[in-house]
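[1] here's my sequence, what's the structure:
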Amino acid sequence: MTPLAIFFLVFYACVSVLNIIFCILENERWRKISKPFCLVGLIGFIFVTDISHVWLWVSLILAWLGDVLFIFKKKKLFVIIGMLSFLLSHVFYLCEFGYIFQSTNTEIYANYCFFLRFYPLFVIPGVPVAYFLSKKDPRLTVLGSLYQSVLIMIFASSIFALANGYSLYFLFITFGAVLYYTSDFFNALTLYVKKLRKRELIIMSTYLLAQFLIVFGIYLASIA
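    Numbering: from 1, shown residues only. This next block holds a predicted model:
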């Protein structure tokens with residue numbers, strides 16, 4: 001790992017901690033100002049480490065866009081566009097898994113492509129949760145169901161990799177997917193169902209750790 005790559009990881013850690021401190025202090029102004037700078041560290045890390053991971057850093061750019069849009073999450077239009085950005089971000093994570101499988105084992109890659117055909121089944125468990133969290137808004141229910149299903153697919157894909165003998169670094173991705181889901185659940189719950197104090201602390205601490213675990217897990221798994 002190069003000094004520049006380490007610099008970007010340290011940058012991510014420092015800005016993330018700073019953002020979480022602002023969440024604890026409930027300093028909304030500086031929390032919002034610092035939020036867009038967090039993912040810059042991870043984007044820079046992947047870009048200087050291995051530019052061939054196109055799916056990964058495009059995914060992070062889309063997540064960064066979602067971060068910016070969710071600063072204005074009191075406006076439903078920004079929430080919808082932000083969810084679409086995060087949804088596409090998760091889809092590109094799945095593409096990155098495919099890139100890893102294709103680069104190492106064509107048979108496993110073929111099995112992975114077959115596995116992805118079952119995606120519609122993962123939408124079903126997300127419908128009642130999205131219906132509850134969106135307060136019966138049809139647009140958010142549909143989008144929320146699709147969004148959850150892709151997150152579940154990321155979790156399932158990491159299990160698929162582990163089951164096929166890939167590095168235990170995929171466990172980072174597994175835990176990251178769980179934390180990501182936790183963050184998004186609390187985000188929707190506290191936005192539309194019940195207001196909670198320190199909501200941003202819960203949302204951002206789980207989200208920032210999730211992003212790190214997924215990205216670093218993919219990086220380590222790809223070089224293992």
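[2] hmm, which helix or strand of the protein has the shakiest average pLDDT?
    helix 126-133 (a mean of 74; mean pLDDT, DSSP states H and E).
[3] may I see the buried residues of the helix or strand that comes right after that helix?
    Using DSSP states H and E, the next helix or strand after helix 126-133 towards the C-terminus is helix 138-163. Residues of helix 138-163 classed as buried: 140-141, 143-158, 160-162 (neighbour count, 16 or more other CB atoms under 10 Å). Every residue, glycine included, has its C-beta placed from N, CA and C.
[4] okay, the angle between helix 138-163 and helix 126-133?
    For helix 138-163 against helix 126-133, the angle by axes from the mean of the first three to the mean of the last three CA atoms, to 10 degrees is 130 degrees.
[5] mind naming the longest helix for this protein?
    Looking across the chain with DSSP state H, the single longest helix is helix 76-104.
[6] does anything pack onto the helix or strand following that helix? Which helices or strands?
    Next in sequence after helix 76-104, counting helices and strands by DSSP H and E, comes helix 106-116. Helices and strands touching helix 106-116, as assessed by 3 or more CB pairs under 8 Å, 6 or more residues apart in numbering; DSSP states H and E, comprise helix 76-104, helix 138-163.
[7] pLDDT averaged over the shortest one, what's the number?
    In this model, helix 138-163 has a mean pLDDT of 86.
[8] please tell me how far it is from the chain's geometric centre.
    11 Å (CA atoms, centre = their mean, to the nearest Å).
[9] any weak-confidence spans in the chain?
    By pLDDT under 70, the weakly predicted segments of the chain are 51, 135-137.
[10] farthest from the middle of this structure: give me that residue.
    Most distant from the centre of the chain: E107, at 27.4 Å, with distances by CA atoms, centre = their mean.
[11] got a list of what that one touches?
    E107 makes contact with no residue, according to CB atoms under 8 Å, 6 or more residues apart in numbering.
[12] repeat that with 10 Å
    F101, N164 (CB atoms under 10 Å, 6 or more residues apart in numbering).
[13] show me what the helix or strand hosting A5 is packed against.
    Using DSSP H and E, A5 sits within helix 3-25. In terms of contacts (3 or more CB pairs under 10 Å, 6 or more residues apart in numbering; DSSP states H and E), helix 3-25 is packed against helix 28-49, helix 199-223.
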